[in-house]
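Q: sequence unavailable; structure follows:
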């Protein structure tokens with residue numbers, strides 16, 4: 001199974017070539033630049049490509065790592081109609097020769113394989129064949145295969161925008177998306193690999209989105225789908241459906257197809273293309289007409305809430321305050337507390353949407369606050385300082401072990417060397433956990449302020465909606481009285 005995509009890249013062409021060839025440096029693609037260089041100089045910087053294709057950097061090699069538990073990354077780099085060493089220069093010369101140096105500088109594509117289905121060599125071979133089929137007749141292409149720490153094999157493609165054959169520009173279209181996935185599927189079948197189902201009229205999913213859905217995590221597509229389903233369930237007419245979506249803070253554009261844009265998002269999403277034929281204009285009309293009443297019935301396994309008798313006085317209960325109370329309230333607003341309640345179709349405010357995708361991070365932060373009973377900024381700061389002090393002590397201990405491992409006495413004794421390495425590995429794991437907790441403390445400091453602002457905004461929005469509903473109800477009552 002392999003998923004594909006391709007998108008345009010603006011800027012300078014060296015940056016995208018570094019991204020494809022050096023997965024270790026994607027966060028800082030200018031890492032290999034020399035000091036005091038101009039933008040023009042960076043476009044002709046050969047050291048970047050030389051580093052990317054160096055044998056010592058592109059093959060498996062046992063390096064001395066700070067954390068010895070980190071897997072070694074493997075990668076392969078090839079060129080189509082060019083050599084990796086001179087790919088950027090060839091691309092730039094082609095642009096200059098045809099006078100097309102502006103605009104989009106390159107297209108960056110990927111082909112991602114399911115875990116464990118292919119070897120790195122097979123993945124790279126499939127990637128090269130795909131590049132030849134799609135772009136081999138006219139364009140310079142870099143093909144780079146990455147094997148990351150999660151054993152996730154994927155190919156990166158860097159395609160020049162100008163043809164060396166006739167100077168025509170490459171323009172990515174919907175057909176290019178389809179052709180890329182189709183040819184990728186054909187090659188997967190040829191190599192005996194599984195093929196991702198892609199029903200007609202529905203956009204294929206990124207492998208990361210598939211894994212998120214399998215893990216039960218929300219995605220933007222799943223949230224839009226849930227909102228549309230909720231709007232359909234609550235409506236008896238087409239007008240009610242669109243009014244409900246607007247009340248959910250969606251902007252709607254109706255032409256031949258339905259396009260929606262969630263508030264805070266830059267792009268419109270075509271419902272039929274992203275969600276399937278049931279979300280076309282006709283499909284939504286049919287689903288509304290099939291309903292005998294608005295809103296969906298309760299699930300078959302629905303049980304009324306249990307009733308409990310209270311012993312004691314609620315006034316004497318110990319209240320949770322500060323950070324813990326803030327996070328508990330926010331988790332309730334996000335719909336994840338209480339854990340075992342029946343799934344609700346209640347609309348979740350658009351301000352909370354992006355945090356639904358960050359539930360893992362929020363859960364870790366809430367767990368840290370609960371386990372360590374942290375409620376105030378002072379408690380959080382003190383806890384973070386203690387973590388820093390403990391981490392500093394462990395790092396010093398590890399430095400001493402590194403020094404010990406380089407002594408003649410330890411080097412000549414395999415048992416002693418193995419024992420020292422085991423201790424270093426254990427310290428590295430402890431340091432890594434402490435570093436994660438320190439980051440959680442920093443994130444809580446930032447996120448708590450953002451959560452407070454969001455809750456205040458939502459509270460004001462809900463109060464305004466409540467007042468508007470009361471006014472409308474008064475108008476309706478006045479109308480009945482006058483009749």
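A: Nice, thanks for sending it over. Computed from a prediction, not measured in an experiment: that's the story for all the values here. Numbering: from 1, shown residues only.
Q: only C-alpha atoms from now on, for both contacts and neighbour counts.
A: Fine.
Q: tell me how far the helix ranked longest in the chain lies from the chain's centre.
A: Longest helix in the chain by number of residues, with DSSP state H as the criterion: helix 414-482. Relative to its chain's centre, helix 414-482 lies at 17 Å (Cα atoms, centre = their mean, to the nearest Å).
Q: same for that helix, what does it pack against?
A: Helix 414-482 is packed against helix 322-333, helix 359-371, helix 377-405, helix 408-411, with contacts defined by 3 or more Cα pairs under 8 Å, 6 or more residues apart in numbering; DSSP states H and E.
Q: of those, which is nearest residue 293?
A: helix 322-333 (27.7 Å; Cα to Cα).
Q: give me the contacts around that closest one.
A: 337-338, 348, 366, 369-370, 373-376, 448, 451-452, 455 (Cα atoms under 8 Å, 6 or more residues apart in numbering).
Q: before we move on, what about stretch 383-391?
A: The list of residues contacting stretch 383-391 from outside it, by Cα under 8 Å, 6+ apart, reads 431, 434, 435, 437, 438, 441.
Q: buried ones among those?
A: Burial by neighbour count, 16 or more other Cα atoms under 10 Å: within these this picks out 431, 434, 437, 438, 441.
Q: ok, the fourth one - contacts?
A: Residues in contact with residue 438 (Cα under 8 Å, 6+ apart) are 384, 387, 388.
Q: let's see that with 7 Å instead.
A: With contacts defined as Cα atoms under 7 Å, 6 or more residues apart in numbering, residue 438 is in contact with 384, 387.
Q: same check, this time on the last one
A: Contacts for residue 441 (Cα under 7 Å, 6+ apart) come out as 380, 384.
Q: pLDDT value on it, please?
A: Predicted confidence (pLDDT) for residue 441: 92.
Q: next one: it from residue 138, what distance?
A: Distance, residue 441 to residue 138, using Cα to Cα, to the nearest Å: 53 Å.
Q: the third one too?
A: Residue 437 sits 51 Å away from residue 138 when distances are taken as Cα to Cα.
Q: for the fourth one, same thing?
A: Between residue 438 and residue 138 the distance, using Cα to Cα, works out to 51 Å.
Q: rewinding a little: turn the helices and strands packed on helix 414-482 into a markdown table, including distance to residue 284 and mean neighbour count.
A: Formatted as a markdown table, the helices and strands packed on helix 414-482 follow (distance: least, Cα to Cα, whole Å; neighbours: other Cα atoms under 10 Å):
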| stretch | distance to residue 284 | mean neighbour count |
| --- | --- | --- |
| helix 322-333 | 29 | 17 |
| helix 359-371 | 31 | 16 |
| helix 377-405 | 50 | 15 |
| helix 408-411 | 72 | 13 |
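Q: out of those helices, which is closest to residue 169?
A: Proximity to residue 169 (Cα to Cα) singles out helix 359-371 among the helices and strands packed on helix 414-482, at 42.7 Å.
Q: okay if I get the buried ones among the contacts of stretch 383-391 as CSV plus distance to residue 410?
A: Putting those into CSV (distance: Cα to Cα, whole Å) gives the following:
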residue, distance to residue 410
431, 24
434, 29
437, 34
438, 34
441, 39
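Q: do I have it right that residue 101 meets residue 95?
A: Yes - Residue 101 is within contact range of residue 95, at 5.1 Å (criterion: Cα atoms under 7 Å).
Q: neighbour count for the two, which is higher?
A: Using other Cα atoms under 10 Å as the criterion, residue 101 and residue 95 rank with residue 95 on top: 21 against 16.
Q: give the buried residues for stretch 137-144.
A: Across stretch 137-144, burial judged by 16+ other Cα under 10 Å covers 138, 139, 140, 141, 142, 143, 144.
Q: can you redo those residues as TSV with pLDDT and secondary structure?
A: TSV is the format used below for those (pLDDT from 0 to 100; DSSP: H, G, I helix; E, B strand; the rest coil):
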residue	pLDDT	secondary structure
138	93	coil
139	95	coil
140	94	coil
141	93	strand
142	91	strand
143	91	strand
144	88	strand
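Q: how about TSV for these, with distance to residue 89 added?
A: As requested, these are exported to TSV (distance: Cα to Cα, whole Å):
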residue	distance to residue 89
138	16
139	14
140	11
141	12
142	12
143	16
144	18
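Q: among these, which one sits closest to residue 405?
A: residue 144 (36.6 Å).
Q: for the closest one, which non-adjacent residue is closest in space?
A: residue 77 (4.4 Å; Cα to Cα, 6 or more residues apart in numbering).
Q: over to residue 82?
A: residue 140 is the one closest to residue 82 (Cα to Cα, 6+ apart), at 6.1 Å.
Q: wait, the one you found touches residue 81, no?
A: Yes - using Cα under 7 Å, residue 140 is in contact with residue 81, at 5.3 Å.
Q: so who does residue 157 touch?
A: 108, 109, 110, 141, 142, 143, 144.
Q: and the residue nearest to residue 144, how far from residue 404?
A: Residue 77 is 39 Å from residue 404, where distance means Cα to Cα.
Q: do residue 306 as well
A: Taking Cα to Cα as the measure, residue 306 falls 63 Å from residue 404.
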